[in-house]
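Engineer: Next comes the sequence, and after it the predicted model I'd like to discuss.
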Amino acid sequence: MGYSFPRTLCLILAVVTGTTAAEKPLTSLWPLEECTGKSLYIPSWVISQFSSGDEVSFTLINRVTEVSSSITCQDNGECAGASNSDLKVAVQIDEDVVGVTVEDAWTCRDKKTRAGEPKTFHFKAKGNATISLDCKSEDDAQVCASAQDVDLVRGALVEPLYAPTIGPAARATSSNTSTCSTLTDPPSWNLTRIDYQNNTSSNFWVGPALGRVFYMETANHASGDIAKCNNIFTSDPYEPAQTYGRDCWRDPYASWQEPEGTGQLWTTYEFDEVTHDISIKQRWYCDQPKTMKAFVVNGIGSGHVDLDCVTSPGLRGNNTRCSGPTVPLVGEVVSREEIPPFSIQDPYPESVDSGTVGSLVDPYLRFYYGELNTTKGENDTLQAVMYYYLRMPNISLSTIRVNITLSETPGAPPSKVWSSCKGGDFDWNPRCDFRYDYATGEFEVSKDWYTSRANSGREFKFNGTGRTTLQLHCSEVDNGQVCKFDEVTFGLENVHFGPAEEE
């Protein structure tokens, strides 16, 4: 039997709840206890209450530690007021700008190893910024303030490893324009490329997906973002009609989409297949250029679209496809919450990182699915073939080695022969070497690996060594043995790290 849809689709933007904060600190949305993560991602300082007259004065806050200092600087550029001896501040005063240089150091003790032992890191960073001045005359003297209420000094790590400054993250494309705030009240959207279909047959490679499929794009006029809603409701074209809830993404094919609450446009919707009503929840972000205040906004709206549906024969029934014209929506703001300045531009949290923090704190390997098979060849030679997987669980990197011939030594098993871990389908992995002592079961690894701070590309290269003893369980077969290894996890030692070189 076929499945068809009425030619009308009602659209309602539903409420996203939220609270308005009376006052927000000048530091990042990152939790204070994430000292190590923030040190790698956002070593930086916020400048506020900047003034320049007989002397330059401002408040400086370290965004990692949230320690505040009241800085005063003389015409010669020397500054005082640092909260600790590691903080050094200098200024260079020109007619309409002031250059600020910051050097700071701090200690993080927020991470522990797998054994529960605390890990201490000492970080050092440098950064600079140019403050644009807004000057006026008072009592025959020129008094200047920053053209912005808040300024950011982005830093680069110097110790324990060199980590260049990360630029603003790829967030809402127009969130830092003056129009974002003005267009938010009232908010408006365009719903485009609306497509709703039910397919009773499908070619997996070239045809439409089997079942009921919905696609829509929502363009937010305030932030400039487009959320793409591309979902399969069900793969059973005859399943009873019901309400489905789905998420929308900026890029529906990106598997690493950042979690809710980290600065990205967020859209979710529910579609009722019986009434064809749709409810959409959307959150977006705005920066005000002068004040550098950032806001998270939740909005509602409603609209209506006439669908044009076409039915065509399928292998097991009729296929139905409906499309509609662009639908303009005008809604209202449900909540508007101020968040710390520059939060929108900050790099993504460690949850989508490739493991820089894990590699610093407690790098380790897991050996699993291992086999060692030996056969006797001509002239009593012994051929050993080793299979195994080697994985770094806390940084999501893996390597596999298949069909390694360890040796062909007449009358003796192989022992301590260095071989490459690279091979099989994972030959793109960086350098990895191992050796295995057939007599004692000792397994040694020397390995390189790369990590990056999220959304910033390859940046760090690590190398380390590990050693463990593998336990074998063997059974005799014709002309040899088949042995299974126990799974084992072991730590890496002698870890060195530094900036990744371009390859």
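Structural biologist: Received it, and whenever you're ready, just let me know what you need. Residues are numbered from 1 along each chain as shown.

Engineer: CA atoms for contacts and neighbours, from now on please.
Structural biologist: Will do.

Engineer: remind me which residues of the stretch 1-150 of the chain are low pLDDT?
Structural biologist: Within the stretch 1-150 of the chain, the ranges that satisfy pLDDT under 70 run 1-27.

Engineer: Quick one: mean pLDDT over stretch 478-495.
Structural biologist: For stretch 478-495, mean pLDDT rounds to 89.

Engineer: list the buried ones in that stretch?
Structural biologist: 480, 482-485, 491-492, 495 (16 or more other Cα atoms under 10 Å).

Engineer: Farthest pair within those?
Structural biologist: The most widely separated members of the buried residues of stretch 478-495, counting by Cα to Cα, are 480 and 495 (38.6 Å).

Engineer: Can you report how many residues lie near residue 96?
Structural biologist: Using other Cα atoms under 10 Å, residue 96 is surrounded by 12 other residues.

Engineer: From residue 54, how far off is the nearest residue to it once chain neighbours are set aside?
Structural biologist: Distances taken as Cα to Cα, 6 or more residues apart in numbering place residue 133 nearest to residue 96, at 5.2 Å, with adjacent residues excluded. Computed as Cα to Cα, to the nearest Å, the residue 133 to residue 54 distance reads 15 Å.

Engineer: More neighbours: which of the two?
Structural biologist: residue 133 (20 against 12).

Engineer: Which parts of this structure are helices?
Structural biologist: 35-41, 178-183, 356-361 (DSSP state H).

Engineer: And the strands in the stretch 201-350 of the chain?
Structural biologist: 211-220, 226-234, 243-248, 266-272, 277-287, 294-306, 308-313, 318-323, 327-339 (DSSP state E, counting those that start in this stretch).

Engineer: so where's the stretch 401-503 of the chain uncertain?
Structural biologist: 401-416, 422-429, 453-458, 501-503.

Engineer: Revised request: answer the last question for the stretch 151-300 of the chain.
Structural biologist: Using pLDDT under 70, the stretch 151-300 of the chain drops low at 163-179, 202-208, 249-264, 289, 292.

Engineer: Now with 50, please.
Structural biologist: 169-174, 204-206, 251-262 (pLDDT under 50).

Engineer: Correct me if wrong: residue 280 contacts residue 272.
Structural biologist: No: assessed by Cα atoms under 8 Å, residue 280 is found out of contact with residue 272, at 11.8 Å.

Engineer: Of those two, give the one with the bigger neighbour count.
Structural biologist: Set side by side, residue 280 and residue 272 show more neighbours around residue 280, with 24 against 16, by other Cα under 10 Å.

Engineer: what's the distance between that one and residue 286?
Structural biologist: 20 Å.

Engineer: Can you show me the CA trace of stretch 310-318 as PDB?
Structural biologist: Below are the C-alpha coordinates for stretch 310-318, written out as PDB (Å, rounded to 0.1, in the frame of the first residue of the first chain):
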ATOM      1  CA  VAL A 310       4.000  14.000  -5.900                       C
ATOM      2  CA  THR A 311       3.300  10.200  -5.800                       C
ATOM      3  CA  SER A 312       5.100   7.700  -7.900                       C
ATOM      4  CA  PRO A 313       5.000   3.800  -8.100                       C
ATOM      5  CA  GLY A 314       7.600   1.900  -6.100                       C
ATOM      6  CA  LEU A 315       8.600  -1.700  -5.900                       C
ATOM      7  CA  ARG A 316       6.400  -2.300  -2.800                       C
ATOM      8  CA  GLY A 317       3.900   0.500  -3.000                       C
ATOM      9  CA  ASN A 318       3.800   4.200  -3.800                       C
END
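
Engineer: any idea how far residue 499 is from residue 362?
Structural biologist: 19 Å.

Engineer: What residue, apart from its backbone neighbours, is nearest residue 265 spatially?
Structural biologist: Per Cα to Cα, 6+ apart, closest to residue 265 is residue 284, 4.7 Å.

Engineer: Which positions in the longest strand seen in the chain come out as buried?
Structural biologist: The longest strand of the chain (DSSP state E) is strand 118-138. Buried residues in strand 118-138, counted by 16+ other Cα under 10 Å: 121, 123-133, 135.

Engineer: Of these, which is the nearest to residue 372?
Structural biologist: The closest of those, once distances to residue 372 are taken by Cα to Cα, is residue 121, at 40.5 Å.

Engineer: and that closest one, what does it touch?
Structural biologist: 36, 107-109, 160 (Cα atoms under 8 Å, 6 or more residues apart in numbering).

Engineer: cool, and residue 133?
Structural biologist: Residue 133 neighbours (Cα under 8 Å, 6+ apart): 96-98, 144-147.

Engineer: which among these end up buried?
Structural biologist: So, of the contacts of residue 133, 97-98, 144-147 end up buried under the neighbour-count rule (16+ other Cα under 10 Å).

Engineer: want to throw those into CSV with distance to residue 187?
Structural biologist: Formatted as CSV, these follow (distance: Cα to Cα, whole Å):
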residue, distance to residue 187
97, 37
98, 38
144, 36
145, 33
146, 31
147, 28
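
Engineer: out of those, which are inside strands?
Structural biologist: Using DSSP E, these in strands are 97-98, 144-146.

Engineer: what would these look like in a markdown table with distance to residue 228?
Structural biologist: Shown next, in a markdown table, are these (distance: Cα to Cα, whole Å):
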| residue | distance to residue 228 |
| --- | --- |
| 97 | 43 |
| 98 | 43 |
| 144 | 46 |
| 145 | 43 |
| 146 | 40 |
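
Engineer: what's the closest of those to residue 312?
Structural biologist: For those, the nearest to residue 312 is residue 146 (65.3 Å; Cα to Cα).
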